[in-house]
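Trainee: Let's see this in three dimensions:
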Amino acid sequence: MKSNTTVSNNFEIVFEKRSLRAAFKERLRLAWTNYRRQCLAVIFFMTICLVITIWSLIPPFNDVSPNQGDNLFPSSTFWLGTNQSGQDVFHLLITGTRNSIGFGFLASIISTGIAIVFGVVGPYIGGVVEKITEFVTNVILIFPVIPFILLLGTLTQERTMASILWVIALFNWPWAARSIRAQVLSIKERDYIKISRMSGISSTRIAITEVLPNVLSYVFLCFVIITGIAIQVEAGIAMLGLGQQDYITLGSLLWDAQHYGAIIRGYYHIWIPPGLLIILFLVIIYNLHGSFSSTFNPKARELL
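Mentor: Residues are numbered from 1 along each chain as shown. Sure thing, here's the model as predicted:
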């Protein structure tokens, strides 16, 4: 019964020739109706990110200047103590979390956008366009991204947030494009897509207004995973001392603690909070991914 309703909605979109905005609104409405629990989880996660961002901009939590006592342990005045430079660790943690989340979102937006272009437009149009997009995807898929970032970090004395972000974003989309491409190849053979072709609608319009809305769930899955990967990679290279030098992130906080020897010296309040936040953030990201994957994948649903 549910599949018949979905097909009926698809036919309505085809015959009414709705605009891109109307098609996406229809898909969002269906997503909320069918996957309300997952949508609420996403809203909750985004709310947490928004609260952290706003919190980091409000005084005195935006003050990360080294004007406090050095290596003070947690107290009622300094909730997470201070580091070796006299900076409030709690303020640093909020600022670093905000920057890490922003880094992950920006990298994911770029990578997901590229994955949509190569995963939807190329396979649907077919022909030479599909071969070119598939060739580029396969070449970048086997490109050693992490060693390249590490090599780039050792060769450049000045490493900016923008350079690290673009490297991660431009080389982290091929697997997402292949996943989306597999769905597009299945959708393009369905009856309502064939009817769209016979009605004279252009291939580009069909790809954007009918095929793309049907793969929004997979696009979101890719967005969630890429966000987690970007945060994880940035933190990893920062802990090696090869990360960006512009902003405070969770990775840079761990690098500072490691470089100072906080673990050996017993200053647990300096390195445990950013480490736990990275772990917690990645657990949330991959739990969201698992929830959506089990919902959208029929085989996974059968195992539940």
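Trainee: Low-confidence stretches in the stretch 1-150 of the chain?
Mentor: For the stretch 1-150 of the chain, residues meeting the criterion pLDDT under 70 lie at 1-24, 27-28, 30-31, 34-35, 38.
Trainee: neighbours of Asn138, just the number please.
Mentor: 11 (other C-beta atoms under 10 Å). For glycine as for every other residue, the C-beta is placed from the backbone atoms N, C-alpha and C.
Trainee: Also Tyr286?
Mentor: Tyr286, neighbours per other C-beta under 10 Å, totals 14.
Trainee: Also Gly69?
Mentor: By the measure other C-beta under 10 Å, the count of residues near Gly69 is 10.
Trainee: Tell me the secondary structure at it.
Mentor: coil (DSSP: H, G, I helix; E, B strand; the rest coil).
Trainee: likewise Ser163?
Mentor: helix.
Trainee: Would you double-check that Pro66 falls in a strand?
Mentor: No: checked against three-state DSSP, Pro66 lies outside a strand; its state is coil.
Trainee: tell me the phi and psi of it?
Mentor: Backbone torsions of Pro66, given as degrees, to the nearest 10, read phi -80, psi 70.
Trainee: Thought Gly86 was touching it, still the case?
Mentor: Yes: look at Pro66 against Gly86 with C-beta atoms under 8 Å: they come within range, at 4.3 Å.
Trainee: which strands and helices sit next to the helix or strand hosting Val139?
Mentor: Counting by DSSP states H and E, the element that carries Val139 is helix 127-141. Counting contacts by 3 or more C-beta pairs under 8 Å, 6 or more residues apart in numbering; DSSP states H and E, helix 127-141 is packed against helix 122-125, helix 174-187.
Trainee: Adding distance to Gly241 and mean neighbour count, write these out as a markdown table.
Mentor: Output for the helices and strands packed on helix 127-141, formatted as a markdown table (distance: least, C-beta to C-beta, whole Å; neighbours: other C-beta atoms under 10 Å):
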| stretch | distance to Gly241 | mean neighbour count |
| --- | --- | --- |
| helix 122-125 | 39 | 22 |
| helix 174-187 | 28 | 20 |
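Trainee: Lowest average pLDDT across the ones you listed?
Mentor: Mean pLDDT is lowest for helix 122-125 among the helices and strands packed on helix 127-141, at a mean of 75.
Trainee: how about the CA coordinates for that helix, as CSV?
Mentor: Extracted in CSV, the C-alpha atoms of helix 122-125 (Å, rounded to 0.1, in the frame of the first residue of the first chain):
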residue,chain,number,x,y,z
GLY,A,122,26.1,12.1,-15.5
PRO,A,123,24.4,8.7,-15.0
TYR,A,124,21.0,10.1,-16.0
ILE,A,125,22.1,11.9,-19.2
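Trainee: What lies in contact with that helix?
Mentor: 129-130, 132-134, 181, 184-185, 188, 203-204, 206-207, 211 (C-beta atoms under 8 Å, 6 or more residues apart in numbering).
Trainee: how about a cut-off of 7 Å?
Mentor: Here helix 122-125 makes contact (C-beta atoms under 7 Å, 6 or more residues apart in numbering) with 129-130, 133-134, 181, 184-185, 188, 203, 207, 211.
Trainee: ok, now stretch 54-68?
Mentor: Contacts for stretch 54-68 (C-beta under 7 Å, 6+ apart): 78, 82, 85-88, 91-92, 94-95, 98, 248.
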